[in-house]
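>>> Based on what follows, work out the 3D shape:
(one chain, ligands or ions: 2)
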Amino acid sequence: MAQQGSYTGTAKWLHWGMALIWVGAWVIGILATHWRDELNPHHELTYVHKALASTLLLLIVARIAWRLSHSAPPLPDSMSPTMKRGALLGHVLLYALALIGLPLSGWYWSSVADKPVMVAALFMLPSLVEPDQSLYDLAKSIHTYLSWLCGALVGGHVLIALKHHFIEKDEVLKGMLPGRTH
Ligand code: HEM
Ligand code: HEM
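Ligands and ions are numbered 1, 2, ... in the order given. Next up is the predicted model:
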């Protein structure tokens with residue numbers, strides 16, 4: 001059950017579970033590409049990156065279904081209508097770019113490169129498109145630039161959540177924290 005002013009328990013599990021996977025995948029992606037010789041000589045980190053990140057493609061389906069059937073708690077009255085619209089836009093961008101667009105672009109890149117993606121090391125994702133080496137550089141650029149853009153977006157999201165808690169001292173972060181009671 002959702003408490004007043006709080007996300008439901010399921011929404012919190014999905015938010016924090018996916019946030020952990022997302023941040024882990026982002027850090028591993030950076031280590032895999034920028035410390036390739038030292039840390040990723042046989043693509044071990046690339047394998048882990050793809051196995052972890054691809055689970056988001058499944059989890060996002062459950063998350064969107066849950067979100068469409070359970071509304072978010074109202075934002076505090078201390079926020080202006082413009083700020084509230086900004087918060088909504090930020091969340092829509094997080095869903096569209098960080099949780100849907102980025103995993104899709106990674107899947108697209110691996111598909112044009114004809115490289116397998118093992119979801120959670122359990123089963124292989126089918127190809128999104130036919131392999132095509134002429135699209136390799138484009139697919140790589142899309143995933144790389146999008147990953148940095150989303151890193152900035154998520155960084156901003158975290159800072160804003162902390163600002164609500166420590167500076168505005170409102171209930172926004174508490175509504176997403178576990179075990180809230182009134
Ligand atoms: C189906 C999902 C995904 C697949 C198949 C995939 C695939 C890849 C591949 C093949 C690389 C290159 C690794 C290497 O060259 O060793 C990479 C890099 C990267 N990926 Fe993903 N990825 C996926 C999802 C994600 C997600 C969800 C994030 C963010 C959390 C992400 C962030 C990154 C980053 C930051 C890099 C390094 C970019 C750079 O070169 O600076 N990827 N990804
Ligand atoms: C790691 C630190 C994080 C903190 C402290 C945090 C905090 C929060 C808080 C307090 C909310 C609800 C409050 C509000 O309405 O603004 C929220 C919502 C949300 N967060 Fe995060 N978050 C974090 C990471 C992430 C990550 C990594 C992602 C995705 C890549 C993410 C995606 C979202 C989305 C999409 C929502 C909107 C939920 C909805 O209403 O449907 N968050 N987050």
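>>> Quick one: residues contacting V119.
Shown in contact with V119 (CB atoms under 8 Å, 6 or more residues apart in numbering): 51, 54-55, 57-58, 125. Where C-beta positions appear, they are placed from N, C-alpha and C, glycine not excepted.
>>> Narrow the residues you listed to those in helices?
Among those, the ones falling in helices (DSSP state H) are 51, 55, 57-58.
>>> From these, pick the one nearest P178.
Nearest to P178 among those, counting by CB to CB, is T55 at 21.1 Å.
>>> Could I get the contacting residues of the closest one?
By CB under 8 Å, 6+ apart, the contact set of T55 is 21, 119-120.
>>> Tell me the one of those nearest L173?
I21 (20.2 Å).
>>> Cross-check the contact I'm expecting between that closest one and L56.
Yes - using CB atoms under 8 Å as the test, I21 is close enough to L56 to be in contact (6.1 Å).
>>> Would you mind measuring from A96 to ligand 1?
13 Å (CB to the nearest ligand atom, to the nearest Å).
>>> Not counting sequence-adjacent ones, nearest residue to the spatially most central residue of the chain?
Centroid-nearest residue in the chain, with CA atoms, centre = their mean: L99, separated by 3.9 Å. Among residues not flanking L99 along the chain, I60 sits closest, at 5.2 Å (CB to CB, 6 or more residues apart in numbering).
>>> That neighbour reaches A98, doesn't it?
No - at 10.1 Å, I60 does not count as touching A98 under the criterion of CB under 8 Å.
>>> circling back: hang on, isn't the residue nearest to the centre of the chain packed against A53?
No - assessed by CB under 8 Å, L99 is found out of contact with A53, at 10.6 Å.
>>> any shared contact partners between these two?
W22.
>>> circling back: quick one: which of the contacts of T55 sit in helices?
I21.
>>> Okay, buried residues for stretch 154-162 please.
Neighbour-count burial for stretch 154-162, counted by 16 or more other CB atoms under 10 Å, picks out 154, 157, 160.
>>> Which positions in this structure make contact with ligand 1?
For the chain, the contact set with ligand 1 under CB under 6 Å from any ligand atom comprises 22, 25-26, 29-30, 32-33, 40, 46, 49-50, 53-54, 56-57, 102-103, 106-107, 109-110, 117, 143-144, 147.
>>> Give me the buried entries from the residues you listed.
By neighbour count, with 16+ other CB under 10 Å, these hold 22, 25-26, 29, 32-33, 40, 46, 49-50, 53-54, 56-57, 102-103, 106-107, 109-110, 117, 143, 147 as buried.
>>> In this structure, mark out all the helices, start to finish.
Using DSSP H, the helices of the chain run over residues 9-34, 36-39, 44-53, 55-69, 81-93, 102-112, 136-163.
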